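K.L.:
here are the coordinates; sequence isn't available:
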């Protein structure tokens with residue numbers, strides 16, 4: 001199977017079961033895929049992680 005090239009990735013922070021989760025929505029030409037990157041104790045930690053993900057994916 002050939003590798004697919006993602007069009008965009010959006011990192012979001014949401015609360016699940018008392019923890020803050022960073023999830024990414026990867027947009028391909030034919031679909032959108034959700035990927036959970038990690039969970040954190042505080043919202044601030046999750047927002048920092050989401051910002052790192054956002055910056056690193058938008059460098060190219």
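P.N.:
Received it, and whenever you're ready, just let me know what you need. Keep in mind that what you see is a predicted model, and the values were worked out from it rather than measured. Numbering: from 1, shown residues only.
K.L.:
Show the contacting residues for the residue nearest the centre of the chain.
P.N.:
By CA atoms, centre = their mean, the chain has its centre lying nearest to residue 24, at 2.3 Å. Contact criterion CB atoms under 8 Å, 6 or more residues apart in numbering gives 9-12, 34-37, 53 as the residues in contact with residue 24. C-betas here are computed from N, CA, C, even on glycine.
K.L.:
now the strands for this protein?
P.N.:
8-16, 19-27, 32-40 (DSSP state E).
K.L.:
Make CSV from those and add distance to residue 47 and mean pLDDT to it.
P.N.:
Compiled in CSV, the strands of the chain are given as follows (distance: least, CB to CB, whole Å; pLDDT from 0 to 100):
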stretch, distance to residue 47, mean pLDDT
strand 8-16, 6, 93
strand 19-27, 8, 94
strand 32-40, 9, 94
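K.L.:
out of those, nearest to residue 49?
P.N.:
Shortest separation from residue 49 across these is recorded for strand 19-27, at 4.9 Å, computed as CB to CB.
K.L.:
got the angle between that closest one and strand 32-40?
P.N.:
Note on geometry: by axes from the mean of the first three to the mean of the last three CA atoms, to 10 degrees, strand 19-27 and strand 32-40 are set 160 degrees apart in direction.
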